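Enquirer: I need the structure of the sequence given here:
(chains A and B)
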Amino acid sequence: MSSGGGAGLYLHVPFCSAVCPYCDFAVVPADASRSARYVQALLAELALLGEEELSFDTIYFGGGTPSALSRADLESILDASRRSLAVEEDAWLALEANPEDVDAAALEGWRGLGVNMLSLGVQSFQAGELRFLGRRHSPAEGERAVREALAAGFDIVSADLIFGLPGQEPESLRDSIRRLVELDPQHVSCYQLTVHEGTPFHRRRQQGRLLELGESRQGELFELVHSELAAAGYSAYEVSNFAKTEDARSRHNQKYWDHSSYLGAGLAAHSFSGCRRWWNEPDLERYCSRLERGERPLAGSEELDSSELALEAVMLGLRRSCGLDLERLRADYGIHLLERNAAIIEGYVEDGLAVVDGCLRLTPRGLAVADAVVRSLDLGLV
Amino acid sequence: MEHIRNFCIIAHIDHGKSTLADRLIQACGAVDDRKFRDQILDSMDLERERGITIKSNTVTLEYIAAAGETYQLNLIDTPGHVDFSHEVRRSLMSCEGALLLVDASQGVEAQTVANLYLAMEYELELVPVINKIDLPSADIDRVSEEIDADLGLDPFEAIQCSAKNNIGIDGVLEAIVEKLPPPAGDPEGSLKALVFDAQYDKYRGVVMLVRVQDGVIKKGQSIRLMHTGADHVVEEVGYLKLEKVATGTLKTGSVGYVIAGIKTIQDINIGDTMTETDRPAQEPIPGYREAKPVVYSSIYPMSSEDYSDLTKALDKLKLNDAALAFTKVSSAALGFGFRCGFLGLLHLDIVQERLEREFGMSLLLSAPTVKYDVTLTNGEEVVVDNPSFFPDAGDVERVEEPYIKASIMIPEKFLGSVMELCREQRGEKTQFDYLAVGRVEVTSEMPLAEVLFDFYDRLKTVTRGYGSFDYDALDYRATDIVKVDIMVNKERVDALSQLVHRDKARSRAMHYCDKLSETIPKHQFKIPIQGTIGGTIIARKTINAFRKDVTAKCYGGDITRKRKLLDKQKKGKQKMKMVGSVEIPQEAFIAVLKTEKEK
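Expert: Residues are numbered from 1 along each chain as shown, chains lettered A, B, ... in the order given. Next up, the predicted model:
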């Protein structure tokens, strides 16, 4: 259930064979020499971290496409981490992979590295939707990747789906979900397509060449995701994340949501500890050259005051099925949330958006409007 | 005095009054071409932009007539709109004659007629001027006929010109000299001068615009304002030739300005008579009327922090706008604001626009309302100009509301729909007269409150813009008024409460519910919007809850971004008006009033 007491280490691999038009992560097209230079820089960054009395019990390779790196590269990155940081012996390890990178040898390699959770970017089982998303794999490849990953014996195989595509009908989403749950992975992440600034989709939308799905259809699809997955035995532990059992949850990702410490290494990676958050250079050239000069590649940081921390605690807490711990909110920040917002919260409970049981927990319909709920609550902050 | 002519130009809006004034000023060489700009007498940006005159102004011109003699022409520029009819009256009182300007293609309009009647009331000599004769759509024969039939003036006397293209301007100037009489007055008598308007100058204080009837005004003289009874010493006196030109004296029959150390416009009454302290006149100049507000609305700052700025801005506006009246109010929904009285809707509009433009205020206005006379069951009489203070229905014995006499001029083919419109606006004694072939004047006695809501808009629609409208105040008449409250998510929004005739309550409430449901954004819960009378629901709309508003991904770097966005949104919410748990944007308050304001 909990993310564990330790800290999390996030390792960013920015390369993709092709950059998806909706992606706003720090990614660049893959290229052998760039990739080699980046790995060296990342190793250099890890060597500079000597950091903090933190003890790490989760490691997460994210991207980008970590599966684009060779086993040897991944291994040397892990070794460098262990050299610089107090990484626990049995630290939980996750890795993101693209279906087209999944084959027997790769699976073997990742198993050998001790990967506990393999997260596959399946996205959809509809050929048209995959083309629209700019993905390079077919529905069959996605299915094969999940099947083979499951057979390879990882503790957790997770598959990502994207929904809310322009024009998407509930039937096609239901079909993708059903094909996925039939494969029976332990974990599913279902993300609504978000058009971020700076992405090709965003430019297309501004030019009127990308339609947006209506808000009420989005809500319908969100509810469909939650009901279909619940019916298949997956419980939502966060807005977009579902697991068959508590053990199948992403131990690493949960750290982001309860203000546990995490350290990010690699391009644009974010770190958080105590009340400070800092982040790396998002430009690949500058990231590499700064490390080549022996500098840490920091791009910025922020010191969170208690009202900012409180706002984050509320916003993150309400995204989770375990909810917002009202007692803890009172103890940590002196916020009497229920008392301050009695009428509003009562209204949410009446409307079936929320449940109050020591925690303020949103129902699936409440999760669908979690941002609006946060905005509506008076935290009494200045 | 033989060589003085005091005159004004009266015209319907857009018939070219300011342009003609510009040409007369240029023809007399009062301004060199380098400094000239269009609508030179309209000093406020708002006046220039909207082509309306809000404040009176005057200019003294020197004209050498064809016969070789030099005349002093005092052009008194008057506001043309009905809201400012008290100012029009005072301006007319300072003239002996007027140019009655008619557009060669539009012809005689309601305002032309209304102003003609006013001018006749003050026994002004009139010279009709047909403007825009060079327009392709000009129809001089038809307009001449209208001048004859509608105005009762001799069309053969009419001067034809095009002010825009400087055609026939000499003819206009000669007519002023030839056909308008010089002022009459007693140079030896006690000073009697009409204060027909005043401007506020931040360095000099109040600059009074005066017309000397008898006697003279001299620098250093002690003067008395007869209605206020206050004495002042003349610091400066002179002519306005676009700029102030001090002359030391202002002679009988002249028009000019007086500065006498008066601090604020509130210290004087426009329309007052100036006399000399030592030798006061027996009687003031007759016809003095106080400008009384007829329309009331509450003004609130969009953000409650701006209340003190609003206070300062209104105080500043009041320096130059004697008719603006306001008192502090507070609304449960909108916080502190001011209850303001206006001369009419245009006045309200102008004050709002000046507050927004000149002072950068972001404002919310409540629905304009008239003043009701209410008799309570216990016999007590109260005046209500604010829905919040309307007594409980059970305590009300009788309510009276102000009526106006509307005059609407239209092409004949719209007669049926305009008669119908008057009926819908609760018009009584609706009649029509043929003014000329194909042209009709409809008169109707209707409640002023009806005009405030959507009358202009609807008249414009049913007459496709060809109708013109003017009104005069009549009297107070018994009426059946109810207070309609608007409930948003079961909370009453006091600033949206309004007093409406019982027959109209339902449709008005529905209009509000419709507009609010279109402009209040969806919330995460359903929002019922209801119109009620004394708790009984008469109209209802529902804003459905939205179903989706959550960020899909919230990992490392997303969190800072998300928190900042939420923080910004939460701060933005402070600029929304919260009613219970519903955020009402400014647009919603504006939208419900929309039809009332468009003209």
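
Enquirer: flag the shaky bits of the stretch 451-599 of chain B, pLDDT-wise.
Expert: For the stretch 451-599 of chain B, residues meeting the criterion pLDDT under 70 lie at B:465-466, B:573-576, B:594-599.

Enquirer: what are the ranges of the helices in it?
Expert: Using DSSP state H, counting those that start in this stretch, the helices assigned to the stretch 451-599 of chain B run over residues B:456-462, B:502-519, B:556-574, B:586-597.

Enquirer: now swap in chain B and tell me
Expert: Per DSSP state H, chain B carries helices over the ranges B:17-27, B:45-50, B:85-93, B:110-121, B:140-149, B:169-179, B:307-320, B:345-358, B:415-424, B:448-450, B:456-462, B:502-519, B:556-574, B:586-597.

Enquirer: what does the longest one rub up against?
Expert: Surrounding helix B:556-574, the residues in contact under the criterion CB atoms under 8 Å, 6 or more residues apart in numbering or on different chains are A:10, A:256, A:262, A:264, A:268-272, A:277, A:279, A:302, A:308, A:311-312, A:315-316, A:371, A:374-375, B:303, B:551, B:554, B:583. Quick note: C-beta positions are derived from backbone N, CA and C, even for glycine.

Enquirer: where strands are concerned, which of these count?
Expert: Judged by DSSP state E, strands contain the following of the contacts of helix B:556-574: A:10, A:262, A:264, A:270-272, A:277, A:279, A:302, B:583.

Enquirer: save these as a markdown table, and put in distance to residue A:176 and neighbour count too.
Expert: Shown next, in a markdown table, are the ones in strands among the contacts of helix B:556-574 (distance: CB to CB, whole Å; neighbours: other CB atoms under 10 Å in any protein chain shown):
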| residue | distance to residue A:176 | neighbour count |
| --- | --- | --- |
| A:10 | 28 | 25 |
| A:262 | 31 | 27 |
| A:264 | 31 | 25 |
| A:270 | 30 | 23 |
| A:271 | 35 | 24 |
| A:272 | 34 | 25 |
| A:277 | 35 | 23 |
| A:279 | 34 | 20 |
| A:302 | 38 | 15 |
| B:583 | 36 | 19 |
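
Enquirer: which one of these is nearest to residue A:105?
Expert: When those are ranked by distance to residue A:105 (CB to CB), residue A:10 comes first, at 25.9 Å.

Enquirer: just give the nearest non-adjacent residue to the closest one, would you?
Expert: With CB to CB, 6 or more residues apart in numbering or on different chains as the criterion, residue A:10 has its nearest non-adjacent residue at 4.2 Å, and that residue is residue A:264.

Enquirer: give me every residue that touches the one you found.
Expert: Taking CB under 8 Å, 6+ apart, we find residue A:264 in contact with A:9-12, A:270-271, A:279-280, B:556.

Enquirer: one more time with 10 Å
Expert: Counting by CB atoms under 10 Å, 6 or more residues apart in numbering or on different chains, residue A:264 touches A:8-12, A:45, A:60, A:62, A:270-272, A:277-280, B:555-557.

Enquirer: count of neighbours near residue 71?
Expert: All of this is about chain A. Using other CB atoms under 10 Å in any protein chain shown, the number of residues around residue A:71 comes to 14.

Enquirer: um, chain B though
Expert: 18.

Enquirer: quickly find the element holding the residue of the stretch 151-300 of chain A found nearest chain B.
Expert: Across the stretch 151-300 of chain A, no residue is closer to chain B than residue A:219, which sits at 2.3 Å (CB to the nearest CB). Assigned by DSSP states H and E, residue A:219 belongs to helix A:215-231.

Enquirer: what's that helix packed up against?
Expert: strand A:156-163, helix A:170-183, strand A:187-192, strand A:235-238, strand A:241-243, helix A:364-367 (3 or more CB pairs under 10 Å, 6 or more residues apart in numbering or on different chains; DSSP states H and E).

Enquirer: count of residues packed around the residue of the stretch 151-300 of chain B found nearest chain A?
Expert: Chain A sits closest to residue B:300 of the stretch 151-300 of chain B, with a gap of 21.8 Å, by CB to the nearest CB. Residues lying near residue B:300 (other CB under 10 Å) number 25.

Enquirer: same question, residue A:311
Expert: Using other CB under 10 Å, the number of residues around residue A:311 comes to 23.

Enquirer: what's the closest non-adjacent residue to it?
Expert: Leaving aside its sequence neighbours, residue A:311 sits nearest to residue B:563 (CB to CB, 6+ apart; 5.7 Å).

Enquirer: then residue B:262?
Expert: Per CB to CB, 6+ apart, closest to residue B:262 is residue B:206, 4.1 Å.

Enquirer: list the contacts of that neighbour.
Expert: Contacts of residue B:206 by CB under 10 Å, 6+ apart are B:195, B:198-200, B:232, B:258-268, B:319-320, B:322.

Enquirer: now with 8 Å?
Expert: Counting by CB under 8 Å, 6+ apart, residue B:206 makes contact with B:198-200, B:259-260, B:262-265, B:267-268.

Enquirer: of those residues, just the buried ones, ChimeraX syntax please.
Expert: Applying 16 or more other CB atoms under 10 Å in any protein chain shown to those, the buried members can be selected in ChimeraX as follows:
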select /B:198,199,200,259,260,262,265,268
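
Enquirer: in strands, which of the contacts of residue B:206 appear?
Expert: B:198-200, B:259.

Enquirer: relative to residue B:580, how far out is whichever residue of the stretch 351-500 of chain B sits closest to chain A?
Expert: The stretch 351-500 of chain B approaches chain A most closely through residue B:489 (8.9 Å), counting by CB to the nearest CB. From residue B:489 across to residue B:580, the span is 5 Å (CB to CB, to the nearest Å).

Enquirer: let me see the contact set for residue A:243.
Expert: A:156, A:186-188, A:234-235, A:237, A:249-250.

Enquirer: if we can go back for a sec, which non-adjacent residue is nearest the residue of the stretch 151-300 of chain A closest to chain B?
Expert: Using CB to CB, 6+ apart, the closest residue to residue A:219 is residue B:547 (2.3 Å).

Enquirer: same question, residue B:371
Expert: Per CB to CB, 6+ apart, closest to residue B:371 is residue B:385, 4.4 Å.

Enquirer: any regions of chain A where pLDDT drops low?
Expert: Within chain A, the stretches with pLDDT under 70 are A:1-4, A:51-52, A:382.

Enquirer: nearest residue to the middle of it?
Expert: In chain A, the residue lying closest to the centroid (CA atoms, centre = their mean) is residue A:253, at 6.3 Å.

Enquirer: excluding chain neighbours, give the residue nearest to that residue in space.
Expert: Nearest non-adjacent residue to residue A:253, counting by CB to CB, 6+ apart: residue B:555, 6.5 Å away.

Enquirer: does that neighbour touch residue A:254 like I think?
Expert: No. Applying CB atoms under 8 Å as the test, residue B:555 and residue A:254 come out as separate, 10.7 Å apart.

Enquirer: which one's more surrounded, those two?
Expert: Between residue B:555 and residue A:254, counted using other CB under 10 Å, the more crowded position is residue A:254 (21 against 18).

Enquirer: so the more buried one: helix, strand or coil?
Expert: When classified by DSSP: H, G, I helix; E, B strand; the rest coil, residue A:254 comes out as helix.

Enquirer: what parts of chain B come near chain A?
Expert: Counting by CB under 8 Å from any CB of the partner chain, chain B comes close to chain A at B:522-526, B:545-557, B:559-560, B:562-563, B:566-567, B:569-570, B:573, B:580-581.
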